[in-house]
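K.L.:
Quick check, what structure comes out for this input:
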Amino acid sequence: MSKRLTAGFLLLFVVYQASEGLQTVFAPGNPLGPALMLLALGLAWPVGRWLDGSGYRAFGLVRRNWLGILASMLLLATLAKLAAEAVALGLGIETFTTPVAIPLAAVAIAAVTTFVPSLAEDILTRGFLLRLTPRPLGFVSYVLATALLYTANHIWRLDWGITEQIRLFCLGLAYGAAAWHLRSLWAAVGLHWGWNLSNALLSQAWPSPVEDVAGARLVSAGIHLAIFAILAVCVYARRTPNDGPVATLAP
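P.N.:
Take a look at the predicted model:
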């Protein structure tokens with residue numbers, strides 16, 4: 001099973017990174033980049049079938065109440081993004097501008113173009129470790145492992161500076177905690193997609209110039225640390241005396 005896990009992960013990793021590299025560095029605007037992202041998402045299904053016969057469910061994309069989980073986390077991410085904008089404006093990190101209307105077609109396009117890579121990356125950086133490990137991971141070990149993996153997965157941003165790495169790690173903590181707490185990868189997808197979608201829409205509807213890029217990244221990190229703290233409290237408040245020092249996630 002460990003060899004299959006490694007092979008399946010490497011396959012998706014290579015396709016995903018090829019897509020990211022094309023879109024962000026080598027050929028922005030080339031349709032091959034988005035096509036490879038769709039390929040990475042599509043390949044996850046046969047990889048899941050190969051690993052345990054359940055397709056996407058192998059990565060924790062459970063069917064029970066998935067829509068409610070996705071919607072609630074999407075709403076939380078939207079509120080978090082608005083809070084981050086308010087903090088950035090209050091601190092002078094961003095400059096206030098007059099909002100403008102954006103067409104529904106732009107909203108639909110943004111929803112699709114942020115959903116696909118968010119889901120593909122969540123499968124890669126959180127789904128494999130959610131229920132396919134030989135031994136179930138506890139909350140702390142799962143969250144730390146997935147946050148590190150999520151940070152390392154952004155190999156095309158390694159030259160963006162330490163504040164970007166801090167931001168990515170804090171995002172990873174929140175998304176991993178959500179997936180573990182609700183026992184569903186849809187929770188991480190909702191937060192991840194919601195943040196990316198809100199960011200894309202706000203940049204069009206409310207184009208506020210960033211005066212301090214490092215400061216903006218740290219604000220995002222702080223907001224996600226707050227989300228992580230809330231989820232951690234929920235996790236440990238739910239523990240029973242039989243859970244032991246660190247609860248585990250059953251497959």
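K.L.:
Please enumerate the strands of this protein.
P.N.:
In chain order, the chain shows no strands, with DSSP state E as the criterion.
K.L.:
Lowest mean pLDDT among the helices and strands, pick that one out for it.
P.N.:
Least confident element among the helices and strands of the chain, by mean pLDDT, DSSP states H and E: helix 128-131 (a mean of 92).
K.L.:
So what touches it?
P.N.:
Outside of helix 128-131, the residues within contact range by Cβ atoms under 8 Å, 6 or more residues apart in numbering are 5, 8-9, 58-60, 137, 142, 145-146, 149, 179-180, 185, 249, 251. In this view, the C-beta of every residue, glycine as well, is placed from N, C-alpha and C.
K.L.:
Could you point out which of the residues you listed is nearest to Val219?
P.N.:
The closest of these to Val219 turns out to be Thr146 (Cβ to Cβ; 22.4 Å).
K.L.:
quick one, what contacts that closest one?
P.N.:
Contacts of Thr146 by Cβ under 8 Å, 6+ apart are Thr125, Arg126, Leu129, Gly172, Tyr175, Gly176, Ala179.
K.L.:
For the fifth one, the count of nearby residues, please.
P.N.:
Tyr175: 33 surrounding residues under other Cβ atoms under 10 Å.
K.L.:
Would you mind measuring from the closest residue to it other than its chain neighbours to Ala179?
P.N.:
The shortest distance from Tyr175 to any non-neighbouring residue, by Cβ to Cβ, 6 or more residues apart in numbering, is to Ala188 (4.2 Å). The gap separating Ala188 from Ala179 is 4 Å, by Cβ to Cβ, to the nearest Å.
K.L.:
next one: Gly172
P.N.:
11 Å.
K.L.:
More neighbours: the two, which one.
P.N.:
The neighbour comparison of Gly172 against Ala179 (other Cβ under 10 Å) goes to Ala179, with 32 against 28.
K.L.:
what's the overlap in contacts for Ala188 and Ala179?
P.N.:
Here Ala188 and Ala179 have Asp122, Arg126 as joint contacts, going by Cβ under 8 Å, 6+ apart.
K.L.:
hmm, back to that, I'd guessed the residue nearest to Tyr175 sits against Ala178; true?
P.N.:
Yes. Counting by Cβ atoms under 8 Å, Ala178 is a contact partner of Ala188 at 5.2 Å.
K.L.:
Run a quick neighbour tally on the closest residue to Ala145 other than its chain neighbours.
P.N.:
Residue nearest to Ala145 in three dimensions, not counting chain neighbours: Leu129, with 5.9 Å by Cβ to Cβ, 6+ apart. Neighbour count for Leu129, taken as other Cβ under 10 Å: 24.
K.L.:
go on, the one 3 residues further on?
P.N.:
Neighbourhood size, Leu132 [other Cβ under 10 Å]: 20.
K.L.:
One more: Leu36?
P.N.:
Going by other Cβ under 10 Å, the residues that sit close to Leu36 add up to 22.
K.L.:
now do the one 10 residues further on
P.N.:
For Pro46, the count of nearby residues is 12 (other Cβ under 10 Å).
K.L.:
remind me which residues of the stretch 51-200 of the chain are low pLDDT?
P.N.:
Low-confidence segments of the stretch 51-200 of the chain (pLDDT under 70): none present.
K.L.:
one more time with 90
P.N.:
62-64, 96-99, 131-136 (pLDDT under 90).
K.L.:
which residues in it form helices?
P.N.:
Here the stretch 51-200 of the chain has its helices, by DSSP state H, counting those that start in this stretch, at 66-90, 104-122, 128-131, 139-153, 162-182, 185-205.
K.L.:
Format those as a markdown table; extra columns: distance to Arg49.
P.N.:
Shown next, in a markdown table, are those (distance: least, Cβ to Cβ, whole Å):
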| stretch | distance to Arg49 |
| --- | --- |
| helix 66-90 | 19 |
| helix 104-122 | 17 |
| helix 128-131 | 14 |
| helix 139-153 | 23 |
| helix 162-182 | 21 |
| helix 185-205 | 16 |
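K.L.:
If anything else comes up later, I'll come back, but that's it for now.
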